[in-house]
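1. Sequence first, predicted coordinates after that:
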Amino acid sequence: MSKRCREPERTCVGCRVSQPQASLVRYVLSPQQQLLIDYRHKLPGRGVYTCCEIECVVKAIERKQLQRSLKAEQLQVGPDQLVASIIETLVQRIENLIGMARKSGQVVSGSQAVLNGIKRNEGFALVLLSDDVSTGISSKIFGAAQSQHVDVFQMFSKGRIGEILGKGERSVAALQAGKLARAIKLEVQRYKRMSREN
Ligand SMILES: [Zn+2]
C-alpha cells in the first residue's frame, strides 16, 4: 500500500480542535524562557499550536493552556499583546512575500499601469491598494478589478508600498497569478481575521 502523504495535524490549545499543522500558528519558548511566535514552524524545541484566530489565541492564554503546554506557567503574556505580535508577524510575512514577488518580476505598480493591466487581462491575481489612496483612483481600480474578477486588498501606506517595492510612493500594485500571489492571499485573509478587518 502506498503511504498517503497526509498532512500532519496538531491540536489548537485554544479550541482543542485538530487541524493541519501548516494552518496553525506555532509557539516555542526561547532559551531565555520568552514566548516566541514561530510562524514559519522552523524553531527548535517543544512547540504548541493555536488556530490563526483571535478567539483561540485569547482562550489559550486566558485559560493558561498555552502556558501549561509549554510548561511555563510563570509566563507573563497578555492576550492582546500576543494578538498584536501575531498581527505584526503577519504584516512582516506579507511584506516579505511582496518583496519576493517583486524580485521575481511578478509585480506591476502605479495606478495607470495596473489599470491598463487589469483591462488587458494580464493575469493579475490580486491588487494591493494603499490605505491612503485617493478616492478617485480607488474607485477606478475597484471598478476595473471587479469586472475582471481580480481580488483587491487594502493595506499599508503608499510610502510603505513604495519601500517594499524599492521605489517611490506607490498607491497601487498588482501581483501576477502564481504561488506567491496565492501565499499572499492566504496571509492577507489571516491578517484580516486577526485584525478584525472584515
Ligand atoms: Zn483553535
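-> Perfect, thanks for sending it. Numbering: from 1, shown residues only.
2. can you give me how far stretch 30-38 is from the chain middle?
-> Centroid displacement of stretch 30-38 relative to its chain, using CA atoms, centre = their mean, to the nearest Å, is 21 Å.
3. Straight-line length of that stretch, end to end?
-> Using CA to CA, to the nearest Å, the end-to-end distance of stretch 30-38 comes out at 10 Å.
4. which residues are in contact with it?
-> With CB atoms under 8 Å, 6 or more residues apart in numbering as the test, stretch 30-38 has contacts from 25-29, 43, 47, 66, 70, 72, 74-75, 77, 82, 85-86, 89. (Glycine included, C-beta is placed from N, CA and C.)
5. Can you list which of these are found in strands?
-> 25-29 (DSSP state E).
6. which one of those sits closest to the ion?
-> Val25 (9.6 Å; CB to the ion).
7. Neighbours of Pro20, how many?
-> Using other CB atoms under 10 Å, Pro20 has 11 other residues around it.
8. that older thread, only the buried members of the ones in strands among the contacts of stretch 30-38: can you turn that into a PyMOL selection?
-> Buried residues within the ones in strands among the contacts of stretch 30-38, by 16 or more other CB atoms under 10 Å, are selected in PyMOL with:
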select buried, resi 25+26+27+28+29
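9. check the ones in strands among the contacts of stretch 30-38 against the ion, which are close?
-> By CB under 5 Å from the ion, no member of the ones in strands among the contacts of stretch 30-38 lies near the ion.
10. Tabulate the ones in strands among the contacts of stretch 30-38 (CSV), appending pLDDT.
-> Shown next, in CSV, are the ones in strands among the contacts of stretch 30-38 (pLDDT from 0 to 100):
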residue, pLDDT
Val25, 96
Arg26, 97
Tyr27, 97
Val28, 96
Leu29, 95
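11. Going by distance to Val188, which of the ones in strands among the contacts of stretch 30-38 wins?
-> Val25 (15.8 Å; CB to CB).
12. residue contacts, that closest one?
-> 37, 39, 49-52, 57, 86.
13. Okay, and which of these map to strands?
-> Reading strands off the contacts of Val25 with DSSP E, I get 37, 49-51.
14. Specify which member of those is nearest to the ion.
-> Cys51 (3.2 Å).
15. Tell me the spatial nearest neighbour of that closest one, not counting adjacent residues.
-> Leaving aside its sequence neighbours, Cys51 sits nearest to Cys12 (CB to CB, 6 or more residues apart in numbering; 4.6 Å).
16. coming back round to it: got a winner among the ones in strands among the contacts of Val25 for most neighbours?
-> That'd be Thr50 among these, by other CB under 10 Å, with 28 neighbours.
17. Which strands or helices does the helix or strand containing Lys140 pack on?
-> Element membership for Lys140, per DSSP states H and E: helix 135-147. If you count contacts as 3 or more CB pairs under 8 Å, 6 or more residues apart in numbering; DSSP states H and E, helix 135-147 packs onto helix 111-119, strand 124-129, strand 151-154.
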